[in-house]
Every structure is written in structure tokens, then in C-alpha cells.
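**Student:** With the input below, show me the fold.
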Amino acid sequence: MTDEKNVAEFVPTRPQPHGHALVRPTTGLAERVIGAQPVAKERDEVKVRQKLKTMAAYAGEDWFYRFPVTGPGGSRQYIEGPSIKLANNVAREFGNCITEIREIDVGDAWVFYARFTDIETGFSMERSYHQRKGQQTIKTKDPQRAIDQVYSIGQSKAIRNVIVNALGIYCDYAYKEARNSLVEEIGKDLNGWRQRTLQGFVQMGLAIERVERVIGRASKDWLAQDVSQVVAMARSIKDGMATVDETFPPIEAPAAAATSPTTTQSQTAASGGAQGQTDSPIDATAAQQSSSATTERPAAVDTLSQSEIAYQRGVTAKAEGKRRANIPREYTDGKHDELAAAWLAGFDGRKLSGTIEVPTQAQERKTND
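**Tutor:** Residues are numbered from 1 along each chain as shown. Sure, this is the predicted structure:
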């Protein structure tokens, strides 16, 4: 008894940390699962894929995102991929796996370390994610709540990244199934989805012209694919992965039109056509992110002309790395040469003028060569 007491006096007691009690340190091999482990029920990969296909049909836009990033030379590009909800569901259905995460505070940011371990095979992967504390998110008057939101965003991204990289085949499959199911669902009621989407932007106080400029075509001409992209971008705003102004950049109103009392045609059509619709696919709470939401509904901005839309589509195609010869099919029917020329002007970075010279086939072949 005396010996035990003497030993206890020389063994230092480790104080328990305050806060983040569930975030335990995972350094050291002794705390890790090393090698394959026996399991009570082995994984059935065929059933996993079947279950993911069924779940994707229900999940739709919840399982993927789309948000803008700045590419080379300041060009605007878009990233689209599986969401954190998809990653969590894929890991659950995959089964017999563990996802762990820890964070290190480095002052102006956190570094999250997420680890995925497949118990059946013993495969393990760890990835880090740098989350800056100053990231803009849903605006709130409570600074503590804002920092909590940023922390949660970083944690979710770290978990998503490690699962998507460790289970790439399954996540890619689930993402494609979810995206296709949404496009198919929208196609069954395209007008209804279009009107509800426009209504969501009206509730946000966001000018429809900003969305049309990004998509590259007027809202009345949106296809199911266009609507699915808009819904995915709105989902990214809601989840805090991007802001309204980043996703749909503001349009500077012409000075001469600044006093115009009329409202834009597309806003009027959106608010009028969406009456009676309450199930908008865009969450109106995302409006809090727009720094200019109350002043930016410029009744002065005119709806983009077809030439301007074609021009913006050309700019987007260039930013996405597409070939110059890939002019949209609807512009190459011989009846829309002006729109084809506008698309080329946007692709080439030339200014859009009132009269655009349409290049001949010989000139086009020479340029492509």
C-alpha cells in the first residue's frame, strides 16, 4: 500500500482541457487503428451502390454544390462537386469505417486534420484543411456566432475532403446520380421550377439580371440544366461556401438610367409569375449575405440583350477552357450569325460593339489553326 502511494506521488496528473471535450488528440500510432480488423458484417459493394442511387434521387441539390473561384488572369471559373451531406451519407452506407478530425489554432486560421480509416481493409488517409477565421459568411450582429459558423464550415470541408478523396468512386457515382436526378425532376416541371427559382431571388432582393449574366441566357430561356446550376449555386450560398456577391457579381447601372422609375421586365415577370408558389428551391435567408441587397435592386438596369448574353457565354466558355470552335449550336443555324459573332467576341476578349463582323469559314479555320 505504501509503495502504491509513493508511486502515485511521482506520477504527474494531466489536467483535463476546458471546452472542445469531444475533440481528442489523435497523435501517436498507439491511438490509431492499424491494419485490417475483423467485422461482424462485411461490406456488400453492390448493395452500397444500389442504396446510393436510391438516396440520390431523394437528395437532389442537397448532394452537390457550385460556387465561383478566380482563375488565371482574374477569370471567373466554377467549381462543382459533392457536398458534405453527400460525403456523410456515402461514408455511412459504405460502412465499417471511421472518420476522425482534430484542429490546430494557428492564430488567424485553423488547420483541420481529418482522417478516414477503412476498418475492413486497413486503408487510412489523412488530409488537412486551412480555414481562415476571417472568411465572410452569413452576416450576424453577434461576432461569436460568426466565428462559430466559420469554424463549422472549416470542419465540414475537412471531413468532406477526406471522404471524397478516400471514397472517390462512390462519391463521384453519388454526385452524378444526384445531379442527373435533379435535372430530370426539373425537366418534368420546367416552368414551375423556373418561376419558383425566380421567386426565391425576388424574396432575396437580388436583381434577376445578375443571375442571367452569370448563367449566360435570359431567365425565360433557361433549360433544366441552367435551373439546376442556379439551384446548386444558391445552395452553396446557403451553406456558407460562397457569398451572394461572389456568386452573382453586382452590375453597375448606367448613369443615364439611374433616375428611371420603371422596374425591370424580368423582375416584374418573376414576381408576377410566381404568385401562389411557396416552395422556392432557394432559401430566402441567404439574402443576409448580400451587402447591397437593399440598395442594389436597380430598377435602372435593363435586361441583357441576346447579343450581350451571347457575349457573356463566350467569356464563360473561355474561362472554362473550352475550344473556340465550340460555338453554341443554337448560334450556328445560319439565322443567328450576329449572336455567334458576339459569342466569339466574348471568347476572344474583344469589346462588344453595335455592329459585329461575322467571320467567314475561312477566317475561322485560320484562327483555329
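
**Student:** Partner strands of the helix or strand where Val111 lies, with direction?
**Tutor:** According to DSSP states H and E, Val111 maps onto strand 109-118. In the sheet, strand 109-118 lines up against strand 97-105 (antiparallel), strand 124-132 (antiparallel) (DSSP bridges).

**Student:** With mean pLDDT as extra columns, can I get the ones you listed in a markdown table?
**Tutor:** Below are the strands paired with strand 109-118 laid out as a markdown table (pLDDT from 0 to 100):
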| stretch | mean pLDDT |
| --- | --- |
| strand 97-105 | 93 |
| strand 124-132 | 94 |
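
**Student:** Same list, those strands, but as TSV with mean neighbour count and distance to Phe347 please.
**Tutor:** Backbone N, C-alpha and C define where each C-beta goes, glycine included. What follows is the strands paired with strand 109-118, written out as TSV (neighbours: other C-beta atoms under 10 Å; distance: least, C-beta to C-beta, whole Å):
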stretch	mean neighbour count	distance to Phe347
strand 97-105	16	43
strand 124-132	16	34
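
**Student:** Can you say which of the ones you listed is nearest to Tyr78?
**Tutor:** Closest approach to Tyr78 among these (C-beta to C-beta): strand 124-132, 20.4 Å.

**Student:** which residues are in contact with that closest one?
**Tutor:** 32-33, 108-118, 150-151, 153-155, 157-158, 161-162, 165-166 (C-beta atoms under 8 Å, 6 or more residues apart in numbering).

**Student:** Next SSE downstream of it?
**Tutor:** That would be, after strand 124-132 and using DSSP H and E, helix 143-166.

**Student:** how many degrees apart are that next one and strand 124-132 in direction?
**Tutor:** Interaxial angle, helix 143-166 versus strand 124-132 (axes from the mean of the first three to the mean of the last three C-alpha atoms, to 10 degrees): 150 degrees.

**Student:** Check which helices and strands helix 143-166 sits against.
**Tutor:** strand 76-82, helix 84-94, strand 97-105, strand 109-118, strand 124-132 (3 or more C-beta pairs under 8 Å, 6 or more residues apart in numbering; DSSP states H and E).

**Student:** Do a quick rundown of the helices in this protein.
**Tutor:** With DSSP state H as the criterion, the chain has helices at 2-10, 45-59, 84-94, 143-166, 168-188, 190-204, 208-215, 224-238, 244-247, 265-273, 306-319, 337-348, 361-368.

**Student:** Please convert the ones you listed to JSON lines, extending it with distance to Glu126, mean neighbour count and mean pLDDT.
**Tutor:** Listed next are the helices of the chain as JSON lines, based on distance: least, C-beta to C-beta, whole Å; neighbours: other C-beta atoms under 10 Å; pLDDT from 0 to 100:
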{"stretch": "helix 2-10", "distance to Glu126": "36", "mean neighbour count": "8", "mean pLDDT": "53"}
{"stretch": "helix 45-59", "distance to Glu126": "23", "mean neighbour count": "15", "mean pLDDT": "88"}
{"stretch": "helix 84-94", "distance to Glu126": "15", "mean neighbour count": "21", "mean pLDDT": "93"}
{"stretch": "helix 143-166", "distance to Glu126": "7", "mean neighbour count": "18", "mean pLDDT": "91"}
{"stretch": "helix 168-188", "distance to Glu126": "16", "mean neighbour count": "18", "mean pLDDT": "89"}
{"stretch": "helix 190-204", "distance to Glu126": "39", "mean neighbour count": "21", "mean pLDDT": "86"}
{"stretch": "helix 208-215", "distance to Glu126": "36", "mean neighbour count": "22", "mean pLDDT": "86"}
{"stretch": "helix 224-238", "distance to Glu126": "26", "mean neighbour count": "23", "mean pLDDT": "82"}
{"stretch": "helix 244-247", "distance to Glu126": "30", "mean neighbour count": "21", "mean pLDDT": "81"}
{"stretch": "helix 265-273", "distance to Glu126": "47", "mean neighbour count": "17", "mean pLDDT": "42"}
{"stretch": "helix 306-319", "distance to Glu126": "33", "mean neighbour count": "21", "mean pLDDT": "82"}
{"stretch": "helix 337-348", "distance to Glu126": "42", "mean neighbour count": "21", "mean pLDDT": "83"}
{"stretch": "helix 361-368", "distance to Glu126": "46", "mean neighbour count": "10", "mean pLDDT": "44"}
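
**Student:** mind putting those helices in TSV, distance to Tyr331 included?
**Tutor:** Formatted as TSV, the helices of the chain follow (distance: least, C-beta to C-beta, whole Å):
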stretch	distance to Tyr331
helix 2-10	83
helix 45-59	34
helix 84-94	35
helix 143-166	36
helix 168-188	23
helix 190-204	22
helix 208-215	16
helix 224-238	16
helix 244-247	26
helix 265-273	22
helix 306-319	7
helix 337-348	4
helix 361-368	13
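
**Student:** Report the rounded mean pLDDT for the strand holding Val111.
**Tutor:** Taken as a whole, strand 109-118 carries a mean pLDDT of 95.
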